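Participant: pasting the sequence and the predicted coordinates here, then a few questions.
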Amino acid sequence: MDFPNIRLLSFVILFVFSIGSVFALGVSAPFWGDDHPLKIAPGTTEDIEFTLVNRADAETEEVVVTMLDDGGVAEITSGTDYTVAPGTINTKVGIRVTIPADANIGDSHNVRFLVSSPTNEDGGTVQIGINYEVEFPVEIVSESDVPEPTEPVAPTTTTETTKGSSTTVWIVVVIVLALIVWWFMKKKRTEM
Amino acid sequence: LWDKGKGEMDKKIIVVLLVGVLFLMGSLVSAFFHKDPQLGPTEGTDVDVTVGNAVPTVVIQSLTPNPVIIASGGSQVVTLVFRASDNNGNGDLDDTTIDLDLDGPTVDNIPGDETDCTLPGAVIDANTLEYTCTLTVQFWNEEGTVVGLDPWTFTARISDSAPAEGTDTFQFDVQQLTSIAIAPATVTYPPTSPGSQFASLADTVVTNDGNVDIADGDLGLTAFDLCDDSGATCTGNTLGADNFYAGDESIVLDACNDGGAVNLADNSARVITSFVLARGPAATRNVEHCLDVPLGTPEDIYSTNPAVGGTTWTFQI
């Protein structure tokens, strides 16, 4: 076999091994853009989580997360290296946002971090991975403007509870009346 | 005598006042806690009792998970629990009228009905049933949060035999999902020769696996020089990244630099112009690749494989 044929065979092998592979990665974000900022009050610290996700039919991905701009208020608390298994939503990137007590209400900070995953493929001429530059604003607001977590309303009282309340009121009424009678009787006795 | 008479008078007044107070308070309490059951005699000695229909009340107990986080290209089953009460008894509730809606901030709607719930509902008490239902949010459904003032809304409705309808709503979050998949994850060229241009053997198929529209200018490609296979470090021959071109599928690559294909550069992100990929099921678009091998390029095998000191190219959003 001459030299060019060896090259051609190598190419065919590389090509065959590189066909059909799917490389996928995603980032699920609780905060994004100007309309969905993290609202936080001066003097408080909040831990938030971004989620690294993957397709069910893709390979397990090795991911590196690095801070590009902490905005002077943020730090990554969950490390730099992550493994994202196919179809999972439990790989969390923890970010701690700390606002000093003397921060000005109305100020805003932009936080940027890079989510990077080189492909595991080693075939073909060029291997391609995926990067995301994730960015979210931190808006400093007064404590009263910090949104509360949303929870469904508790169930309303039942008929049983209403009956109970009625009985209680009647007992109170009788006691009050008894006290009034007792007070008048005592007063009369004192006068006599 | 006057004092004695005055004392007797006081006692009578006190008794009258006590009876009056007792009657007044009893009336007030009765009026406050007991709604008029609409009972009333009719003609003659017959007594007809008419119990009015009570409108059902619905109280949403939980929606999980909240926020909704979805895997790339996947879906998330959301479990919804609500209680329905009817003062005419829980038997008056009509399961077949259950109507569910998950409504996105602008366009998406995921409807549901009793077939999405476990029936019969669990008995909480004589008047109340609890229903557990499931609906599925897809990866392309739009994002929205309470904080962002564009939340998703869950609405549960049920009617009784009258029929009268009870309803309740609850707001929840669907997180933003930025996600793409590429296939294949490599670009392969046929054996080439200096002074010629070659299209790659296959395009890169980019799939939008998230709920964010990819607009023109959003997708970039960062290239790096290719290294020969002489060792584990890139110290031998190299093939510059600036010999490569990439373009949206709408571009016809008769030549590498035709029709707006972008010329790549070493360690520099270049926008794939005209690449647009809206969120949605099966949203894919191709990126084409081309290599212009310069004259004088030494015969060798070049790649970006890290095993030979190369650096993986990256698509980025």
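Facilitator: Yep, that arrived. Numbering: from 1, shown residues only, chains lettered A, B, ... in the order given.

Participant: for the nearest residue to residue B:264 once chain neighbours are set aside, give me its contacts.
Facilitator: Nearest non-adjacent residue to residue B:264, counting by Cβ to Cβ, 6 or more residues apart in numbering or on different chains: residue B:223, 3.9 Å away. Heads up, the C-betas are built off the backbone N, CA and C, glycines and all. By Cβ atoms under 8 Å, 6 or more residues apart in numbering or on different chains, the residues touching residue B:223 are A:126, B:241, B:244, B:264-268, B:270, B:313.

Participant: point out where chain A drops to low pLDDT.
Facilitator: Residues of chain A that meet the criterion pLDDT under 70 lie in A:1-20, A:119-122, A:149-173, A:190-192.

Participant: same for the one helix or strand residue B:314 maps to, what does it pack against?
Facilitator: Assessed by DSSP states H and E, residue B:314 sits inside strand B:313-316. Other elements packing on strand B:313-316 under the criterion 3 or more Cβ pairs under 8 Å, 6 or more residues apart in numbering or on different chains; DSSP states H and E are strand A:126-140, strand B:220-223.

Participant: pretty sure residue B:149 contacts residue A:37?
Facilitator: No: applying Cβ atoms under 8 Å, one finds residue B:149 not in contact with residue A:37, separated by 11.2 Å.

Participant: looking at those two, which is more packed in?
Facilitator: Shown here are residue B:149 and residue A:37; by other Cβ atoms under 10 Å in any protein chain shown, residue A:37 has more neighbours (20 against 11).

Participant: just to revisit the earlier point, residue B:230: which of the helices and strands packed on strand B:313-316 is closest?
Facilitator: The closest of the helices and strands packed on strand B:313-316 to residue B:230 is strand A:126-140. By Cβ to Cβ, the value is 18.1 Å.

Participant: does that closest one reach chain B?
Facilitator: Yes: interface with chain B: strand A:126-140 contributes A:126-134 (Cβ under 8 Å from any Cβ of the partner chain).

Participant: where do the helices sit along the stretch 151-300 of chain B?
Facilitator: Secondary structure of the stretch 151-300 of chain B, counting by DSSP state H, counting those that start in this stretch: no helices present.

Participant: which parts of it are strands?
Facilitator: In the stretch 151-300 of chain B, the strands defined using DSSP state E, counting those that start in this stretch lie at B:152-160, B:165-172, B:176-183, B:186-187, B:197-199, B:204-208, B:220-223, B:226-228, B:238-239, B:244-248, B:262-263, B:268-271, B:284-292.

Participant: what angle separates the second one from strand B:152-160?
Facilitator: What it means is strand B:165-172. For strand B:165-172 against strand B:152-160, the angle by axes from the mean of the first three to the mean of the last three Cα atoms, to 10 degrees is 160 degrees.

Participant: elements contacting strand B:165-172?
Facilitator: strand B:57-64, strand B:75-85, strand B:152-160.

Participant: switch to 6 Å and redo it
Facilitator: Under the contact criterion of 3 or more Cβ pairs under 6 Å, 6 or more residues apart in numbering or on different chains; DSSP states H and E, strand B:165-172 touches strand B:57-64, strand B:152-160.

Participant: just list whatever residues bridge to the spatially most central residue of chain A.
Facilitator: Nearest residue to the geometric centre of chain A (Cα atoms, centre = their mean): residue A:49, 4.3 Å. Note on residue A:49: beta-bridge partners by DSSP bridges are residue A:94.

Participant: close enough to count as contact, it and residue A:90?
Facilitator: No: contact criterion Cβ atoms under 6 Å: residue A:49 and residue A:90 do not qualify, at 10.4 Å.

Participant: in a helix, residue B:18, correct?
Facilitator: Yes: under DSSP: H, G, I helix; E, B strand; the rest coil, residue B:18 falls within a helix.

Participant: that one: what's its closest spatial neighbour, skipping adjacent residues?
Facilitator: According to Cβ to Cβ, 6+ apart, the nearest residue to residue B:18 is residue A:177 (6.3 Å).

Participant: where does the one you found land in three-state SS?
Facilitator: Taking three-state DSSP, the label given to residue A:177 is helix.

Participant: swap in residue A:72?
Facilitator: Counting by three-state DSSP, the backbone at residue A:72 sits in coil.

Participant: count the residues that sit near it.
Facilitator: The number of residues packed near residue A:72 is 13, by other Cβ under 10 Å.

Participant: what's the answer for the one 10 residues further on, then?
Facilitator: By the measure other Cβ under 10 Å, the count of residues near residue A:82 is 17.

Participant: what about the strands in chain A?
Facilitator: For chain A, strands defined by DSSP state E occupy the ranges A:23-29, A:38-40, A:45-53, A:61-69, A:74-76, A:81-84, A:91-98, A:108-117, A:126-140.

Participant: so which of the ones you listed is the most surrounded?
Facilitator: strand A:23-29 (a mean of 27; mean count of other Cβ atoms under 10 Å in any protein chain shown).

Participant: that older thread, just send the strands of chain A back as JSON lines, with distance to residue B:168 too.
Facilitator: Listed next are the strands of chain A as JSON lines, based on distance: least, Cβ to Cβ, whole Å:
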{"stretch": "strand A:23-29", "distance to residue B:168": "28"}
{"stretch": "strand A:38-40", "distance to residue B:168": "27"}
{"stretch": "strand A:45-53", "distance to residue B:168": "29"}
{"stretch": "strand A:61-69", "distance to residue B:168": "40"}
{"stretch": "strand A:74-76", "distance to residue B:168": "38"}
{"stretch": "strand A:81-84", "distance to residue B:168": "37"}
{"stretch": "strand A:91-98", "distance to residue B:168": "32"}
{"stretch": "strand A:108-117", "distance to residue B:168": "36"}
{"stretch": "strand A:126-140", "distance to residue B:168": "31"}
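
Participant: ok, residue A:57 - how many residues close by?
Facilitator: Neighbours around residue A:57, by other Cβ under 10 Å: 13.

Participant: need the nearest residue in space to it, chain neighbours excluded.
Facilitator: Once flanking residues are discounted, residue A:57 sits nearest to residue A:22: 6.2 Å by Cβ to Cβ, 6+ apart.
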